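Engineer: Sharing a model prediction with you, sequence too.
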Amino acid sequence: MPSSSPLDGVRFAFGTLTVIPVRVTRWDREAARGGMLCAPLAGLAVGATAAAAGLVLLFLGAGPLLAAVAGVAVPAVLTRGLHLDGLADTADGLGSGKPAEDALRIMKQSDIGPFGVITLVLVLLAQVAALAQAYEASWARGALAAVVSAALARLALTLAARSGVPAARPEGLGAAVAGAVPVRAALVAAGAVTAVAAAAGALLGPYDVVRAALAALLSLAAAEALLRHCTRRFGGVTGDVFGGLAETAATTALVVLSLG
């Protein structure tokens, strides 16, 4: 096997978490570890693109609501809707009340049940409403919310891929990355992303430093609560659970960043 390169992790992150055309050359555990550590970088690219779309619409005369719709639609497009699909499947699995094996089978089906539909509608409404409020406060605050929420959504994946978190199935993306990231490395990544988010908030004012840091802490706490619940219910994580974690973190971050 060829020697590893830091670029292998970047390729893995962008190749598996976005539609950006990146050639993934390695699929081993080392590449998966690097990919999950680089996941916030993929989120940064997605968030920057979403913010750019919103700002262009505002510059052309659109209102905050339309800019917010674009800011929510762009990440969905850049991820093939996989995170939203994972959120819906996870909601169906959890809402079914079935034992783990049956719940996992429900999640693997191609259709979306009532729990998934309701969850998708509420989450998308919350994201659009929160981002619209942020853009209404100021263009810069809306752009910051779009970027920070996307990075925190992928940071939630880094933490979910830490050692000690098992896979619910022996196959799939969840199994490929589950337990791949050392706990210390995951915590360092969390601290770094939180610090960068707070520093970005400092560009808007002292209160935004606190708001950005709080958004990071609460979004990761919400994702961690869902992760633990899914691990208890399903026996581990799946690709769908990772998608649900990303959307949970993004929604929480957007709501916090819209307040005040």
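Structural biologist: Thanks, I have it. Numbering: from 1, shown residues only.

Engineer: How far does the helix or strand bottoming out on mean pLDDT in the chain sit from its chain's centre?
Structural biologist: Least confident helix or strand, the chain: helix 173-177 with a mean of 83, by mean pLDDT, DSSP states H and E. From the chain centre to the centre of helix 173-177 is a distance of 16 Å (Cα atoms, centre = their mean, to the nearest Å).

Engineer: And the contacts of it?
Structural biologist: Contacts to helix 173-177, defined as Cβ atoms under 8 Å, 6 or more residues apart in numbering, come from residues 16, 27, 32, 35-36, 157, 161, 167-169, 236-242. In short, each C-beta sits where N, CA and C put it, glycine included.

Engineer: could you point out which element follows the host helix or strand of Ala216?
Structural biologist: Here Ala216, judged by DSSP states H and E, is contained in helix 206-234. Using DSSP H and E, the helix or strand that follows helix 206-234 in sequence is helix 239-258.

Engineer: which other helices and strands contact that next one?
Structural biologist: Counting contacts by 3 or more Cβ pairs under 8 Å, 6 or more residues apart in numbering; DSSP states H and E, helix 239-258 packs against helix 82-96, helix 114-137, helix 139-160, helix 173-177, helix 206-234.

Engineer: starting at the chain centroid, how far to that helix?
Structural biologist: 5 Å.

Engineer: Looking at that helix now, give me its mean pLDDT.
Structural biologist: What helix 239-258 shows for mean pLDDT is 97.

Engineer: the inter-axis angle of it versus helix 82-96?
Structural biologist: Going by axes from the mean of the first three to the mean of the last three Cα atoms, to 10 degrees, helix 239-258 is angled at 100 degrees with respect to helix 82-96.

Engineer: Just the CA atoms of helix 239-258, as CSV, please.
Structural biologist: C-alpha atoms of helix 239-258 as CSV (Å, rounded to 0.1, in the frame of the first residue of the first chain):
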residue,chain,number,x,y,z
GLY,A,239,-24.6,6.4,7.5
ASP,A,240,-28.1,7.6,8.1
VAL,A,241,-27.3,8.4,11.7
PHE,A,242,-24.3,10.5,10.5
GLY,A,243,-26.7,12.4,8.3
GLY,A,244,-29.1,13.0,11.1
LEU,A,245,-26.3,14.2,13.3
ALA,A,246,-25.1,16.7,10.7
GLU,A,247,-28.6,18.2,10.2
THR,A,248,-29.2,18.3,14.0
ALA,A,249,-26.0,20.2,14.6
ALA,A,250,-26.6,22.6,11.7
THR,A,251,-30.2,23.3,12.8
THR,A,252,-29.2,23.9,16.4
ALA,A,253,-26.3,26.2,15.3
LEU,A,254,-28.6,28.3,13.0
VAL,A,255,-31.2,28.7,15.7
VAL,A,256,-28.6,29.9,18.3
LEU,A,257,-26.9,32.2,15.7
SER,A,258,-30.2,33.8,14.9
